[in-house]
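> Starting from these lines, generate the structure:
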Amino acid sequence: MFLLLASGSTQSTALNVPANKVVAEQITNQPLGKLGMIIILDALNVTVLEQADTPNIDYLASQGLAFFNATTVLPSATTSAHVSLVTGAPPEIHGVVHTVAYNASRYHELLIDESPDLARLYYEDMLRVKTLLEVVKESGVKVGLIVSKSKLEVMMGRTRAADKFLVLPDEVIGSGDPHEATYPFEKRKACMEWITNSTIKTIEEFYQYILNGESALIIAHYAEPDWIQGAVGVMHPDTIALVEFLDSQVGRIINKLNELNLWSRTFLVLAADHGFTDVDPTKNLLSSDATHLSAIHTEHVVMETAGLLLYIYLKYPSEIQEVVNELQKYPWVKNIWTRYPTENSSGTLSDIGLNVEFAGDIVLDIKPPYYASKYYALGAHGGTATQTIPIIFAGGLLKKKHIETPSIIDIAPTMALLYGVSLPNATGKAFDIVAPSAKVSIKVTPGIAEPGETVTAQVNYTVSEELSGLTIELYVFFSNGTEYHYESTSIVSVNGSLTFDVELPYEDTYTFYGLVVDSEGNILGGKTANVLVVAVEKPGFPVEKVAIGLAITVVFSSILIALPIILERRKKMA
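The predicted structure is shown next:
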């Protein structure tokens, strides 16, 4: 953190004293706002991390708080997990159980000859709570979202809360399918490099905003190693090589943050959305139409969630017990949860955070190497077998302390602490691991002044927690970056307002910095404002122009008076 070099003096305005350029350079290059960053490596497996050479992820883990036994929600699948990440809640609260699902109640009501597709829903139809992006944007935070999969637009919420939203373009993906083993390794790298380049560009675009005291949130999603693991398997050499490449991309982001002096003002989370496990492609349980399970002999449809979890929608919910008893006979059944308590089940949907009509009447957890998917695959996820994920908290704004093992639903509430906001409907924990910070605003009046005029700077502040030894620092710099004025006042309350009067002697553009500084000289937050000082010429009395104007007025007045007399005389003579 930046250490203030100013002395205890309350003012430094003597013009014959050299300006303190050291202080000026350090303050003007110190970001006064905050950056929250979330980096998601889709399906990053802890077992792969143990085999891969990942110096940058290792650095984050050693400098921060690392958990390689954290958990995600059910289903352990991309769409629902990402919505849980940004809402701090399980699917039964936010509503998004998968990319596509059915409405069980609607399906029950359909006539027997009506298509189940009439009850079909997509992620945007299921979402029913606010996301982190929406809440922080409402509080003035600048938001950037860069993703590899278009469906992750759902993270922006219903109001599409992002100042910048980018999706990996089709032209970068090119021909071929990244889910297939034939997709070239170099093209995989190019796709993920596009995410890094776009993230770095977004950081650069938001930099001035953060430098001047505002806050930002940037979320970057990498589709790998999810794609390659389904294509070639979890521990394949190409999977490990790609994870090592992703580590280098994380390193590029860290380097950019350091280059811009943003690391000290960053709270970063690196996480996976779910895990991944190998399966046997010959043991796919789904029927050829991918909407039925041959083991169930009653009217139904199913929705697979990435292979290892099935939502089963029964046409007649009264048959739940019968279907549970039937399923229990098979070796590929790991767990069965039902909408209401049922004999021989593992529990109810409420027990796993899926008590919502979109999750069906029965949720079936499949035991690998069996799986149920419309895709031929060497790997799958979605069930309890892939709930373990890594979560790492890092950055200069991390307050390192012992906490319990987190879940993916703890990320958003903890990140919300950074911005001083709370998430409605969140059930996750807001861990007290965000370093103290301050939100500051400054207003200088008048904004345009004359040389020698005194202006008033009003600094408003809110500190995130009670601390001793806090001060409000006011700096004023000339346009050439040299210091003109400094003063400091102690504060004891967590919020308040202070005013400072400053005389500005010369024509120039002055920059005011209002800072909240702790007892060790660390800047907790700040804001800037500019004042233009310019001499205004006051025009003299225009004697000559007034005399001419009066003369013209007299002449025209005389004409107006004389004209009727002349016309009358001419009339009489005629």
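> For the rest of this, base every contact and every neighbour count on C-alpha atoms.
Will do.
> Tell me the bridge partners for the residue positioned nearest the centre of the chain.
Central residue of the chain (Cα atoms, centre = their mean): residue 217, 3.8 Å from the mean position. On the basis of DSSP bridges, residue 217 takes part in beta bridges with residue 36, residue 143.
> My read is that it contacts residue 140, right?
No - here residue 217 does not reach residue 140: they are 10.7 Å apart, not a contact under Cα atoms under 8 Å.
> okay, now the domains of this structure?
21-29+436-533, 34-89+130-275+387-419, 278-385, 544-574 (automatic domain parsing).
> Need the distance between the two termini of the third one.
Put plainly, it is domain 278-385. 10 Å (Cα to Cα, to the nearest Å).
> Off-centre distance for that domain?
Relative to the chain's own centre, domain 278-385 is displaced by 34 Å; criterion: Cα atoms, centre = their mean, to the nearest Å.
> What mean pLDDT does the host helix or strand of residue 58 get?
Assigned by DSSP states H and E, residue 58 falls within helix 55-63. Mean pLDDT, helix 55-63: 97.
> And stretch 455-464, by the same measure?
For stretch 455-464, the mean confidence score works out to 96.
> do the same with stretch 502-520
Per-residue scores along stretch 502-520 average to 95.
> Show me which residues of that stretch are buried.
Within stretch 502-520, the residues scored as buried using 16 or more other Cα atoms under 10 Å are 502, 504, 506, 508-518.
> Can you say which two of those are spatially most distant?
Within the buried residues of stretch 502-520, 506 and 518 form the most distant pair, 32.5 Å apart (Cα to Cα).
> can you give me the helices for the stretch 1-150 of the chain?
When assigned using DSSP state H, counting those that start in this stretch, the helices of the stretch 1-150 of the chain occupy the ranges 21-28, 46-51, 55-63, 78-87, 91-94, 104-109, 123-126, 132-138.
> if you compare those, which one is most tucked away?
Mean neighbour count (mean count of other Cα atoms under 10 Å) peaks for helix 78-87 among these, with a mean of 28.
> starting at the chain centroid, how far to that helix?
13 Å.
> and that helix, what does it pack onto?
Counting contacts by 3 or more Cα pairs under 8 Å, 6 or more residues apart in numbering; DSSP states H and E, helix 78-87 packs against helix 91-94, helix 132-138, helix 411-419.
> one more time with 10 Å
helix 91-94, helix 123-126, helix 132-138, helix 411-419 (3 or more Cα pairs under 10 Å, 6 or more residues apart in numbering; DSSP states H and E).
> Can you name every helix or strand that the next helix or strand after the longest one contacts?
Elements were assigned by DSSP H and E; along the chain past helix 411-419, the next helix or strand is strand 438-445. For strand 438-445, the elements it packs on are helix 411-419, strand 453-463, strand 495-504, strand 508-517, strand 523-533, judged by 3+ Cα pairs under 10 Å, 6+ apart.
> which parts of stretch 256-268 are buried?
Buried, per 16+ other Cα under 10 Å, within stretch 256-268: 256-257, 261-268.
> can I get those residues in CSV with secondary structure, distance to residue 358 and pLDDT?
As requested, these are exported to CSV (DSSP: H, G, I helix; E, B strand; the rest coil; distance: Cα to Cα, whole Å; pLDDT from 0 to 100):
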residue, secondary structure, distance to residue 358, pLDDT
256, helix, 42, 98
257, helix, 41, 98
261, coil, 46, 94
262, coil, 42, 96
263, helix, 42, 97
264, helix, 43, 94
265, helix, 41, 95
266, strand, 37, 98
267, strand, 35, 98
268, strand, 33, 98
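> Let me have those residues in TSV, adding distance to residue 460 as columns.
Formatted as TSV, the buried residues of stretch 256-268 follow (distance: Cα to Cα, whole Å):
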residue	distance to residue 460
256	31
257	28
261	25
262	24
263	25
264	23
265	20
266	23
267	24
268	27
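> quick check, nearest of those residues to residue 306?
The closest of the buried residues of stretch 256-268, once distances to residue 306 are taken by Cα to Cα, is residue 268, at 28.0 Å.
> From residue 300, how far off is residue 352?
Distance of residue 352 to residue 300, given as Cα to Cα: 22 Å.
> Show the contacting residues for the residue nearest to the centre of the chain.
Going by Cα atoms under 10 Å, 6 or more residues apart in numbering, residue 217 touches 34-38, 132-133, 136-137, 141-145, 162, 203, 206, 266-268, 415, 418-419.
> can you check residue 454 too?
Residue 454 touches 445-446, 500-505, counting by Cα under 10 Å, 6+ apart.
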